[in-house]
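*Asks:* quick one: sequence plus predicted model below, questions after.
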Amino acid sequence: MTVVMRALLLLLMTIVPAVVSAESLDDYYLSRLAPAERSAARALTGIVVGQPVAAERCQTGVRHGARLDWDKLQPATQKILAKELSRPVLQGERICTPVGGHFNIHYATSGSDAPDLSDSKNNNGVPDWVETVAGVFEYVYQVEVNKMGYKAPPVLGYDVYLRDLVPRGAYGVTADDGIPAFPGTSAASYIEVDRAFSNPIFTQNGRYSKEQMLQITAAHEFHHAIQFGYNYYFDFWYAEVTATWIEDEIYDSVNQLYGYLRSYVPLASTIALNAPLGGNSEYGRWIFNRYLTETHGSRTVVRSIWEEVGKLPAPGDGSDIPVLPVIQGVLQNNLGNNFFGFARKILVGDWAATRLADIPLIPNVASAGSFTVNGSVTAQAPPEVASTPFTFAFYQYTPSSNNDQALVIDLPNLSSNLAVSAFKRDQLGWHEEYPYNSISGNVTVPSFTPGSTVYLLICNNGGDRRNPTAVAPLFSADASLVSDGTGLDANTLEIPSPTIPVQTEAAKSGGGGGCFIATAAYGSYLHPRVAELRDFRDRYLLTNVPGRLFVSLYYWLSPPVAEVIGKHEWMRVAARGLLLPVILAVEHPVAVLVVLLLSGGGVVYRLTRRRGVIRIGQV
């Protein structure tokens, strides 16, 4: 067998798993919502689906996506998912209604869904763990509805089901009872949570207790129930931002949500604030709500956003309502300034004094680049960065010589989408902000001496003109929250009603998405293959000038092509086939490199041998 043939065989052996993993939209939803059914259907492939290593924070977005994508699924898939999207049927079902009567806790007395049925505490016929679940949910209701002022879900006696969610690898899910009849917007729902939370995928191998995981899951999922009550058609990235944020507002000591920051904060130069779901960044973006509450002195700023969402009509095409314009209206058209302030706080870390113990848990943003200034007062300007709205990046400047001259960073022809400032830090700490001078086209930092570092913040604030006085100053005293005695505010805000554009499917794939052809090929921007391509774009293309030029050209050419592909099933299948080499390169870069090297070496060998034979013949 020649080298080239062996290389081709290796390529085929590598492609076959990629072909198998090139799932359709049907396969995606089956794998997420009915893993047992999907595993049985694919048993002949030899793929074994084992227990997940870590649980997914929430599957509400996946179920919501399945509802919206229902007409795109095959009848056989719809038949399987119809069972999964309906209310569960438990073996030997019993119901516990706790004091307060806000919830009905459904639990099985036999089968895989049955929780620990021991009743040793009070021998009242209700398992101790079920009573714990009931007490936690009642407490969450008291805080979120009675203290924080959110509107209760439109259900009397809200249903919570204890399920074995280990096979699905999820802490919990809030399931709607169906899309509201147009033009209605408020939706009833129910919650499923794991029956025990004792599996290592929930406790993270003992780092957290099962009680703690129950607490934050109840806080998270019940807020999704509140959100469905306001408006079924919310933009899901902000739904997860708020549901994750509220975990810490109710159970501050758990702090599991800080782990999700690693999926957003170090990548904030490539992941937009309003990016769609993917890579857990939607859970990491909860920190933006922390900024809003501290800067505006009240947690009601977040509640006001949901109240405004609740006033909006159902979109005629059934798509989700983009929340970013709602936030813009609530912040009185100062979203850009607030986002710059958010990026600034991530850099400096001057969070409120009440959260000082948590500040070390917030990861640093990875520097987009470092420059050493060699005796010149004018420093090198960074390359183009933060090309996506609502992203930001930092650059570091350090002096190489012992001088006390000013540092000048020239930024001519600065895009109107970008807001820029410099911050200096030395052994004494942070110094004041040095803003961009639009007249001179530069940033000037006085007294740039050894031992100090200048951080240049470049923030794409969506084109909003920056007003440094529009948000709280950087080095002001901590904004105090007006308290009602529980640490939860009792203030209200008078909010103007924004005008919200209807979001189309094409728009839904942008805003930090933008993989138009892949979205059309796989049927949804939620598909894991689309998420892989987005992640590759964010990590490897948007971080350099040639990559950004390629992405810009792709965004210009691909939307009309994607629109045509999305209308024809055979084109979608063909597009998935054409995307396989790209996915192969993303998933198996080492294997592809080896194949290319072997193929190239084989070609060179054959050419060299052929030339040698020709020379011998000539002699």
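*Replies:* Nice, I can see it. Residues are numbered from 1 along each chain as shown.
*Asks:* can you tell me the closest non-neighbouring residue to residue 220?
*Replies:* Nearest in space to residue 220, with sequence neighbours left out and distances taken as Cβ to Cβ, 6 or more residues apart in numbering, is residue 243 at 4.5 Å. (Each C-beta comes from the backbone N, C-alpha and C, glycine too.)
*Asks:* is it true that the one you found touches residue 225?
*Replies:* No: applying Cβ atoms under 8 Å, one finds residue 243 not in contact with residue 225, separated by 9.7 Å.
*Asks:* need the phi and psi values for residue 190.
*Replies:* Here the main-chain torsion angles of residue 190 (degrees, to the nearest 10) amount to phi -150, psi 170.
*Asks:* do residue 343 as well
*Replies:* Comment: the main-chain dihedrals of residue 343 come out as phi -60, psi -40, following degrees, to the nearest 10.
*Asks:* could you check the pLDDT of the residue lying closest to it once chain neighbours are set aside?
*Replies:* The shortest distance from residue 343 to any residue other than its chain neighbours is 3.8 Å, reached at residue 392 (Cβ to Cβ, 6+ apart). The predicted local distance difference test score for residue 392 is 92.
*Asks:* which strand or helix spans residue 392?
*Replies:* Per DSSP states H and E: residue 392 is located in strand 391-399.
*Asks:* tell me what that strand is packed against?
*Replies:* Strand 391-399 sits against helix 335-348, strand 369-373, strand 407-410, strand 453-460, with contacts defined as 3 or more Cβ pairs under 8 Å, 6 or more residues apart in numbering; DSSP states H and E.
*Asks:* switch the cut-off to 6 Å
*Replies:* Packing contacts for strand 391-399, counted by 3 or more Cβ pairs under 6 Å, 6 or more residues apart in numbering; DSSP states H and E, involve strand 369-373, strand 453-460.
*Asks:* closest one to residue 85 among those?
*Replies:* Comparing the helices and strands packed on strand 391-399 by their distance to residue 85 (Cβ to Cβ), the top pick is strand 453-460, with 38.2 Å.
*Asks:* give me the neighbour count for residue 398.
*Replies:* Other residues within reach of residue 398, judged by other Cβ atoms under 10 Å, total 14.
*Asks:* that one bridge partners, please.
*Replies:* On DSSP bridges, the residues paired with residue 398 through beta bridges are residue 372.
*Asks:* isn't it up against residue 452?
*Replies:* No: when contacts are counted by Cβ atoms under 6 Å, residue 398 is not listed as touching residue 452 (7.8 Å).
*Asks:* now residue 422, what's its secondary structure?
*Replies:* The local conformation at residue 422, judged by DSSP: H, G, I helix; E, B strand; the rest coil, is strand.
*Asks:* neighbours of it, just the number please.
*Replies:* Neighbours of residue 422 under the rule other Cβ under 10 Å: 22.
*Asks:* how near is it to residue 448?
*Replies:* Distance from residue 422 to residue 448, counting by Cβ to Cβ, to the nearest Å: 10 Å.
*Asks:* so for stretch 214-227, mean pLDDT?
*Replies:* pLDDT averaged over stretch 214-227 equals 97, rounded to a whole number.
*Asks:* weakest of the helices and strands packed on strand 391-399 by average pLDDT?
*Replies:* Summarising mean pLDDT across these, the least confident stretch is strand 369-373, with a mean of 84.
*Asks:* ok, now which ones touch the closest residue to residue 456 other than its chain neighbours?
*Replies:* Nearest residue to residue 456, sequence neighbours excluded (Cβ to Cβ, 6+ apart): residue 395, at 4.4 Å. For residue 395, the contacting residues are 368, 369, 382, 456, taking Cβ atoms under 6 Å, 6 or more residues apart in numbering as the criterion.
*Asks:* what does the pLDDT read for the nearest residue to the third one once chain neighbours are set aside?
*Replies:* The reference is to residue 382. Computed as Cβ to Cβ, 6+ apart, the closest residue to residue 382 that is not its neighbour in sequence is residue 395, at 4.6 Å. Reading off the per-residue confidence, residue 395 sits at a pLDDT of 90.
*Asks:* select, out of the helices and strands packed on strand 391-399, the one closest to residue 292.
*Replies:* Counting by Cβ to Cβ, residue 292 lies closest to strand 453-460 out of those; the figure is 16.1 Å.
*Asks:* distance from that closest one to the middle of the chain?
*Replies:* A distance of 24 Å separates the C-alpha centroid of strand 453-460 from that of its chain, computed with Cα atoms, centre = their mean, to the nearest Å.
*Asks:* between strand 369-373 and that strand, find me the angle.
*Replies:* 140 degrees (axes from the mean of the first three to the mean of the last three Cα atoms, to 10 degrees).
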